[in-house]
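Visitor: Sequence and predicted model, in that order:
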Amino acid sequence: MNGPGNGPREQGRPGADAADRALDDALALANGPGRSGSRPRPPGTDPLAVALAHEQEEERPREHGGAVSWPEARRIARRTGRRLDARALPLGEDLLGMALARSLVALTDLPSFDSSAMDGWAVAGSGPWRLKGQVLAGQRRSAEALLGGHAVRIATGAVLPPGTTAVLRSEYGAVRRRTDGEWLHVLAPHPEPRAGQEIRRRGQECRGGDELLPAGTVVTPAVLGLAAAAGYDELTVTLRPRVEILVLGDELLDHGPPRAGRVRDALGPMLPSWLRGLGADVTSVRRLADDAQVLHAAVTASTADLVVTTGGTAGGPVDHVHPVLAKSGARLLVDGVAVRPGHPMLLAELPAGGLLAGLPGNPLAAVSGVLTLVAPVLRALAGRPAPAPYAAPLTADVQGHPVDTRLVPVVFDDESAARPLHFTGPAMLRGLAAADGMAVIPPGGAKAGQETAVLDTGALAPAWGSGT
Ligand SMILES: Nc1nc2c(c(=O)[nH]1)N[C@H]1C(S)=C(S)[C@@H](COP(=O)(O)OP(=O)(O)OC[C@H]3O[C@@H](n4cnc5c(N)ncnc54)[C@H](O)[C@@H]3O)O[C@H]1N2
Ligand code: MOO
């Protein structure tokens, strides 16, 4: 479905920029401190600032051959995606991974009434107390006040009778039957409960109207729980970007071992769940023949917010992505990035308003395109905050490219240092599959001990929380 107002290009309403800025401010608050690998550093010495901060710089002239720098590509991608519409949807698992479009505001005080924190007795004044009945959780407040010297049996979470001064937990007291009724005593060596002891006061967690979570917070199981506890039946969230994946290549096999000059499609099985982890609704994954007409038809017919193609980005005889984009009147926003692997990646705006990310066919190069272009675009479309960046010292020197950024699969050791992995050629996935993240190696390389930015490859992240 790509109804009016639903596409990424159709959000350009008056005031939208101001609203986006307000959201960005809220998102900044939502971003917690960095990951375990990061430490406080004096301003100006943060390698993340060095590696990532020039994302904030104004647009600069394109580098050789039309390629933009890696930070600039990320910046363009982030600014290109316009936040999709918001919708109120029923509270449930379907919301996992979506971002709150509005802050979650407490509908009532929480807890909404004074209650017992323990199973035991609500008491008034000092003991021993004359015992008078019981109150269970879920029962309405009894109109009857507890008089001084009286107690009532009470369950955890039950409404406190008016006049209660404290709760005595069940293991600290005993009831003795006497001729004049039942009496509650404190068991030695426990002291009498202090005033207010074991009482959960109304409004302890929040007051009605308090902001519980800012707009932009990603819905996790805990967010669902909090929203339910606060009394919500639906949440207003930013729609998921609808993504169509087109896997190009006549040489690709969909089963069995590679054979006879053909290779297994590694991206068809890998990208959908990766992109879902970034908040996308992957509506279809199609394998297309290396045929310009077929690709043109697929691209022009697409109603997705983002089309992701794999392969066919370079200048080979059957690399049809560029000619098809030109023929369909697409506007290239990024045409090559100074990053290894993945430099032929591209980002385009289609005439109908959707976006297209062209990922190179080499599988690790395609992942580089996900981290560089697709993740920031999806985050922007889905109204999700940028994950807290983190850095780690390298355990070994990493050779750099003279002018391009390198993304190198790394694994964290016991000290949270990043160990560069082997088998990281553009066509290889062996390093990536063992990795915790991809280290961002600046042009010229990095030395052992040098802190480098690390992008989360989401290997262990739940579907609703993956970073990058
Ligand atoms: N003359 C030049 N040739 C190439 C350049 C260049 O700048 N000039 N760049 C090289 C780089 S870098 C890359 S990366 C690739 C990008 O190529 P394409 O995006 O056109 O991708 P293909 O040619 O279709 O495939 C490249 C390679 O990857 C394999 N492949 C493709 N799809 C998959 C898949 N789904 N699963 C597994 N493997 C896949 C394909 O068989 C090729 O081996 O271009 C270089 N050439
Ligand atoms: O994108 Mo290529 O080598 O940079 O894989």
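Guide: Structure's in. What do you need? Numbers count the residues shown, from 1 in each chain. Ligands and ions are numbered 1, 2, ... in the order given.

Visitor: The residue nearest to Asp413 when sequence neighbours are not counted pairs with what?
Guide: Leaving aside its chain neighbours, Asp413 sits nearest to Arg419 (5.4 Å; criterion: Cβ to Cβ, 6 or more residues apart in numbering). Any C-beta I mention is one placed from the backbone N, CA and C, and that applies to glycine too. Following DSSP bridges, Arg419 is listed with bridge partners Val411.

Visitor: what's the neighbour count on Arg419?
Guide: If you count neighbours by other Cβ atoms under 10 Å, Arg419 ends up with 16.

Visitor: for it, what are its contacts?
Guide: For Arg419, the contact set (Cβ atoms under 8 Å, 6 or more residues apart in numbering) comprises Leu394, Thr395, Ala396, Val410, Val411, Phe412, Asp413.

Visitor: Helices of this protein, residue ranges please.
Guide: Ranges of helices in the chain, per DSSP state H, are 16-30, 47-52, 70-80, 221-229, 267-277, 292-301, 321-327, 363-369, 375-382, 430-433.

Visitor: mind showing which ranges of the stretch 51-200 of the chain have poor pLDDT?
Guide: Judged by pLDDT under 70, the stretch 51-200 of the chain has its weakly predicted residues at 51-65, 139-143.

Visitor: Next, the contact list for the residue of the stretch 1-150 of the chain found nearest ligand 2, please.
Guide: Residue nearest to ligand 2 within the stretch 1-150 of the chain: Ala67 (10.9 Å; Cβ to the nearest ligand atom). Neighbouring residues of Ala67 by Cβ under 8 Å, 6+ apart: Asp335, Gly336, Val337, Ala338, His343.

Visitor: Report the separation between it and Pro344.
Guide: Plainly put, Ala67 is 9 Å away from Pro344 if you go by Cβ to Cβ, to the nearest Å.

Visitor: Now do the buried residues in stretch 424-431.
Guide: For stretch 424-431, a neighbour-count test (16 or more other Cβ atoms under 10 Å) marks Thr424, Pro426, Met428, Leu429, Gly431 as buried.

Visitor: Among those, pick out the one closest to Leu96, please.
Guide: Within these, the smallest distance to Leu96 is 27.0 Å, found for Leu429 (Cβ to Cβ).

Visitor: who touches the residue nearest to the closest one when sequence neighbours are not counted in this structure?
Guide: Among residues not flanking Leu429 along the chain, Pro363 sits closest, at 5.2 Å (Cβ to Cβ, 6+ apart). Taking Cβ under 8 Å, 6+ apart, we find Pro363 in contact with Ala266, Leu267, Met270, Pro426, Ala427, Met428, Leu429.

Visitor: Val237 and Asp85 touch, don't they?
Guide: No: when contacts are counted by Cβ atoms under 8 Å, Val237 is not listed as touching Asp85 (10.2 Å).

Visitor: between these two, who's got more neighbours?
Guide: Higher neighbour count among Val237 and Asp85: Val237, with 25 against 14, using other Cβ under 10 Å.

Visitor: measure the more buried one to Ala88 for me?
Guide: As judged by Cβ to Cβ, Val237 and Ala88 stand 8 Å apart.

Visitor: what does Gly203 give?
Guide: 27 Å.

Visitor: neighbour-wise, which of these two wins?
Guide: Neighbour tally, Gly203 and Ala88, criterion other Cβ under 10 Å: the higher count belongs to Gly203, 16 against 12.

Visitor: Compute the number of surrounding residues for the closest residue to that one other than its chain neighbours.
Guide: In space, and not counting its chain neighbours, Gly203 is closest to Asp109: 3.9 Å by Cβ to Cβ, 6+ apart. Other residues near Asp109 come to 17 when the count uses other Cβ under 10 Å.

Visitor: Check Leu168 too.
Guide: Neighbourhood size, Leu168 [other Cβ under 10 Å]: 25.

Visitor: Does it touch Ser126 like I think?
Guide: No: look at Leu168 against Ser126 with Cβ under 8 Å: they stay out of range, at 11.0 Å.

Visitor: Please enumerate the shared neighbours of the two.
Guide: Glu192.

Visitor: residues in contact with Leu407?
Guide: Val339, Arg340, Pro341, Gly342, Ser368, Leu371, Thr372, Met438, Ala439, Val440, Ile441, Leu455.

Visitor: Would you convert these into JSON lines that also reports pLDDT?
Guide: Formatted as JSON lines, the contacts of Leu407 follow (pLDDT from 0 to 100):
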{"residue": "Val339", "pLDDT": "97"}
{"residue": "Arg340", "pLDDT": "97"}
{"residue": "Pro341", "pLDDT": "97"}
{"residue": "Gly342", "pLDDT": "97"}
{"residue": "Ser368", "pLDDT": "97"}
{"residue": "Leu371", "pLDDT": "96"}
{"residue": "Thr372", "pLDDT": "97"}
{"residue": "Met438", "pLDDT": "95"}
{"residue": "Ala439", "pLDDT": "97"}
{"residue": "Val440", "pLDDT": "97"}
{"residue": "Ile441", "pLDDT": "97"}
{"residue": "Leu455", "pLDDT": "93"}
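
Visitor: Just give me the closest of those to ligand 2.
Guide: Pro341 (3.4 Å).

Visitor: need the residues of this protein near ligand 1, please.
Guide: 247, 249, 251-252, 263, 265-267, 310-316, 319, 341, 343-344, 360-363, 365, 426-427 (Cβ under 6 Å from any ligand atom).

Visitor: from the stretch 101-250 of the chain, which residue is nearest to ligand 1?
Guide: Gly249 (4.4 Å).

Visitor: Make sure that residue is actually in contact with Gly316.
Guide: No: in this structure, Gly249 is not within contact of Gly316 by Cβ under 8 Å, at 10.8 Å.

Visitor: Which one of these two is surrounded by more residues?
Guide: Gly249 (19 against 11).

Visitor: Just give the closest residue to that one, not the sequence neighbours.
Guide: Gly311 (4.6 Å).

Visitor: now Val374
Guide: Ala357 (5.0 Å).

Visitor: residue contacts, the residue of the chain found nearest ligand 2?
Guide: Of all residues in the chain, Pro426 sits closest to ligand 2, at 2.6 Å by Cβ to the nearest ligand atom. Pro426 is in contact with Arg340, Pro341, Gly342, Pro360, Asn362, Pro363, Leu364, Ala365, counting by Cβ under 8 Å, 6+ apart.

Visitor: Could you work out the most separated pair of the residues you listed?
Guide: Arg340 and Pro363 (14.3 Å).
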